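Asks: Fold the following, please.
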Amino acid sequence: MTTQLERVKEAGLPTHVALIMDGNGRWARARGLPRTAGHQAGAQAAERLIRFVGERLGLRYITLYAFSTENWNRPADEVDYLMDLLQQFIEDKLDEFVERGVRLLVTGDVDGLPARVAATVRDAVRRTAACDRLHVTIALNYGSRQEIARACRRLVMEATESGVDLDDLVIDEMAIGRHLYLPDLPEPDLIVRTSGEMRLSNFFLWQSAYAEFLFPDTLWPDFTPAEFVGAIAEYQRRERRFGGVGEGDE
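Replies: Next comes the predicted model:
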């Protein structure tokens with residue numbers, strides 16, 4: 001009997017799936033545990049999904065929204081724990097990433113991270129640069145509004161340094177796109193936010209213009225590879241129009 005995994009692979013996988021990993025705190029609270037326990041379980045869920053995607057699914061690009069620019073407003077001890085958890089995760093998995101052909105990318109303001117974390121991130125990006133089996137992007141110290149504003153500033157700075165009169169500066173989609181954190185990253189076909197919350201929370205506002213969205217109720221630590229496959233199956237049932245008309249709309 002054909003499994004759902006086999007069916008979604010035969011139907012044609014999306015190129016890029018992005019996930020907003022939401023629900024760690026609620027998962028911990030429901031079990032009478034501290035929020036840190038929820039983040040630890042969330043890291044395990046991320047590891048489980050990355051391994052599944054690379055070894056069994058064959059998806060090329062996956063992005064995980066790990067820490068937003070607004071998350072700095074959380075209690076200092078929780079932020080410190082998240083930074084330690086991220087650094088430990090990368091250090092523990094880096095050799096495995098290299099061995100399995102997983103390229104690690106980061107979108108966000110790395111300079112704004114604690115120095116030790118930034119150094120770990122940059123080292124991992126450098127060491128996995130030649131890997132090409134699976135591209136895992138971590139959105140870290142990331143805010144989409146900030147990314148777009150930064151792209152515009154860089155566009156103006158580039159023109160000024162090149163001696164271009166600002167009245168002659170062309171600011172269009174392609175120009176802004178070239179100055180995003182990862183301009184060569186394919187736009188996500190599907191964005192999944194766990195925990196049932198239906199908002200983007202300042203994530204990929206530019207890149208999600210024509211993405212499909214899915215909002216399962218499952219809290220992130222409980223989100224399984226099987227549910228991820230189900231999300232892709234739901235994506236495959238949709239008709240993407242990109243502003244045009246569908247087959248039944250002519």
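Asks: C-alpha only now, for contacts and for neighbours.
Replies: Noted.
Asks: Which strand or helix spans residue 135?
Replies: Residue 135 is part of strand 134-142, with elements assigned from DSSP states H and E.
Asks: Now do that strand: which elements does it pack against?
Replies: With contacts defined as 3 or more C-alpha pairs under 8 Å, 6 or more residues apart in numbering; DSSP states H and E, the secondary structure elements packing on strand 134-142 are strand 61-68, strand 102-107.
Asks: May I see those strands organised as TSV, with distance to residue 84, mean neighbour count and mean pLDDT added?
Replies: As requested, the helices and strands packed on strand 134-142 are arranged in TSV below (distance: least, C-alpha to C-alpha, whole Å; neighbours: other C-alpha atoms under 10 Å; pLDDT from 0 to 100):
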stretch	distance to residue 84	mean neighbour count	mean pLDDT
strand 61-68	13	21	98
strand 102-107	17	22	98
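Asks: for the most centrally placed residue in the chain, which residues make a bridge with it?
Replies: Nearest to the geometric centre of the chain sits residue 63, at 2.5 Å (C-alpha atoms, centre = their mean). Under DSSP bridges, the beta-bridge partners of residue 63 are residue 18, residue 137.
Asks: if I look at it, how far off is residue 4?
Replies: Residue 63 sits at a distance of 23 Å from residue 4 (criterion: C-alpha to C-alpha, to the nearest Å).
Asks: swap in residue 92?
Replies: Residue 92 sits 32 Å away from residue 4 when distances are taken as C-alpha to C-alpha.
Asks: Would it be right to say that residue 157 lies in a helix?
Replies: Yes - note on residue 157: a helix contains this position according to DSSP: H, G, I helix; E, B strand; the rest coil.
Asks: Measure how buried it is and give me the count.
Replies: When neighbours are counted by other C-alpha atoms under 10 Å, residue 157 registers 14.
Asks: if we can go back for a sec, residues making contact with the strand holding residue 135?
Replies: For strand 134-142, contacts defined as C-alpha atoms under 8 Å, 6 or more residues apart in numbering pick out 50, 54, 58-69, 101-110, 112-113, 203.
Asks: mind running it again at 6 Å?
Replies: 54, 60-69, 102-109 (C-alpha atoms under 6 Å, 6 or more residues apart in numbering).
Asks: do stretch 222-238 as well
Replies: Outside stretch 222-238, the residues touching it (C-alpha under 6 Å, 6+ apart) are 8, 49.
Asks: List the buried residues for the longest helix seen in the chain?
Replies: Longest helix of the chain, by residue count under DSSP state H: helix 76-100. Of the residues in helix 76-100, those with enough neighbours to count as buried (16 or more other C-alpha atoms under 10 Å) are 78, 79, 82, 83, 85, 86, 87, 90, 94, 97, 98, 100.
Asks: possible to save the residues you listed as JSON lines with pLDDT and distance to residue 13?
Replies: Compiled in JSON lines, the buried residues of helix 76-100 are given as follows (pLDDT from 0 to 100; distance: C-alpha to C-alpha, whole Å):
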{"residue": "78", "pLDDT": "97", "distance to residue 13": "36"}
{"residue": "79", "pLDDT": "97", "distance to residue 13": "35"}
{"residue": "82", "pLDDT": "97", "distance to residue 13": "32"}
{"residue": "83", "pLDDT": "97", "distance to residue 13": "33"}
{"residue": "85", "pLDDT": "97", "distance to residue 13": "31"}
{"residue": "86", "pLDDT": "96", "distance to residue 13": "29"}
{"residue": "87", "pLDDT": "96", "distance to residue 13": "31"}
{"residue": "90", "pLDDT": "96", "distance to residue 13": "27"}
{"residue": "94", "pLDDT": "97", "distance to residue 13": "26"}
{"residue": "97", "pLDDT": "96", "distance to residue 13": "22"}
{"residue": "98", "pLDDT": "97", "distance to residue 13": "24"}
{"residue": "100", "pLDDT": "96", "distance to residue 13": "20"}
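Asks: for this protein, which spans come out with low pLDDT?
Replies: Of all residues in the chain, those with pLDDT under 70 make up the ranges 1, 243-250.
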